[in-house]
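A.B. asks: Mind looking at a prediction? Sequence and model below.
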Amino acid sequence: MPCAAVLLLGSAAGTSVGAPGARSELASLAAAQRSAELELYAAESRLARARAGAARLESRRRALDARVARTRRHVTVVRSSLAATNVRVATLLRRLYVEGEPDPIAVLLGAGSLPAILAGIDELERTTLVNRGIADELGERSRTLQTQLAVLSRLRHDVAVVEHQARAAVATRERAATAQRATVDAIRRRAGVTRARLAAIRKQAQAAQRASTRLMRSRAPAPAASTPVGSSDATPGPATPAPAAGTRSLVVDAVAYHLAGRTASGLPVGVGVIAVDPGVIPLGTRVFVPGYGPAVAADVGSAIKGTIIDLWMPTTAAARAWGRRTVTITVYG
């Protein structure tokens with residue numbers, strides 16, 4: 001029986017050490033999950049903006065396609081009209097200068113006298129001049145349309161190139177968001193396993209402690225008092241991110257606060273969540289605040305206008321210690 005007691009006490013001691021380890025791992029996983037969810041929110045926000053930009057470019061390119069098609073149809077019509085007008089002018093000129101004898105013209109005009117023939121010739125000349133004017137006007141219109149078509153074609157090509165780049169950016173951001181979702185899912189699964197492990201450790205420790213207590217009471221005049229092993233959850237401080245391409249600096253007034261609840265984006269408040277004016281910093285944007293650390297713009301407020309941000313603090317004391325400061329933050333694209 002004493003051997004059994006020793007074994008059970010050893011089991012209880014082992015599980016009491018394992019429980020704080022599991023709790024520490026669970027706390028680390030919770031922090032990692034929160035960070036990953038914020039990164040996922042930022043990635044999906046960037047993806048949504050990229051999709052919206054690509055959609056605008058596609059709409060503009062389609063409008064240019066329609067304008068190019070209309071201009072081409074106008075060019076075809078003008079060229080056809082110009083060709084027909086040139087044929088009419090050539091026919092009139094041939095009648096004037098090749099078939100200019102009185103008899104054919106008289107036959108043409110149905111005139112039986114010289115004055116009537118001369119009047120017919122004058123009418124042919126006027127008609128020829130009018131058709132020449134029409135031909136000149138159509139030629140000028142054709143050249144103008146050709147210039148417009150060339151400009152529109154170049155613009156359409158440029159927009160198509162930018163649209164292609166935007167689609168490539170959307171694909172890249174979709175892959176990044178998919179990878180981040182996989183990361184979040186993996187952390188959630190691991191956290192679930194750790195919670196189950198922690199529950200099993202606690203159950204085993206409690207059972208071992210109860211058995212040990214029973215054995216000690218049966219062998220000792222007084223029950224042995226057991227002192228539970230305490231634990232503390234440590235949350236690692238934020239690491240300074242490396243500067244990324246496309247970043248910018250922004251001078252803001254940073255105001256600290258401590259309140260429970262959820263943000264306007266639906267995320268729970270916590271360290272790393274800041275409230276911004278979306279017109280200055282779009283929601284989902286990652287930033288770095290000196291003295292605070294990396295954060296994601298995930299909340300708004302009626303009093304937050306312009307270059308003002310609100311920083312969530314874990315305690316009221318921390319919020320009061322920060323107060324209101326003017327800082328230069330780094331905004332990542």
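C.D. replies: That came through, no problem.

A.B. asks: Just give me the neighbour total for the residue nearest to R181 when sequence neighbours are not counted.
C.D. replies: Ranked by C-beta to C-beta, 6 or more residues apart in numbering and with sequence neighbours excluded, the top spatial neighbour of R181 is L40, at 6.1 Å. In this view, the C-beta of every residue, glycine as well, is placed from N, C-alpha and C. When counting by other C-beta atoms under 10 Å, one arrives at 21 neighbours for L40.

A.B. asks: Could you do T263 as well?
C.D. replies: Neighbours of T263 (other C-beta under 10 Å): 21.

A.B. asks: ditto for the one 10 residues further on
C.D. replies: By the other C-beta under 10 Å criterion, the neighbourhood of V273 contains 22 residues.

A.B. asks: got it, and the one 3 residues further on?
C.D. replies: Burial of V276 is recorded as 25 neighbouring residues (other C-beta under 10 Å).

A.B. asks: That one contacts A297, doesn't it?
C.D. replies: Yes. Look at V276 against A297 with C-beta atoms under 8 Å: they come within range, at 4.3 Å.

A.B. asks: what's the following helix or strand after the strand ranked longest in the chain?
C.D. replies: When the chain is parsed with DSSP state E, its longest strand is strand 248-257. The helix or strand immediately downstream of strand 248-257 is strand 273-275, counting by DSSP states H and E.

A.B. asks: immediately after the helix or strand of the chain with the lowest mean pLDDT, which helix or strand?
C.D. replies: Ranked by mean pLDDT, DSSP states H and E, the weakest helix or strand in the chain is helix 102-109, scoring a mean of 47. Once the chain leaves helix 102-109, the next helix or strand it forms, by DSSP H and E, is helix 114-219.

A.B. asks: helices and strands around that following helix, which ones?
C.D. replies: helix 2-93, helix 102-109 (3 or more C-beta pairs under 8 Å, 6 or more residues apart in numbering; DSSP states H and E).

A.B. asks: Lowest average confidence across the ones you listed, which one?
C.D. replies: Sorting the helices and strands packed on helix 114-219 by mean pLDDT places helix 102-109 lowest, at a mean of 47.
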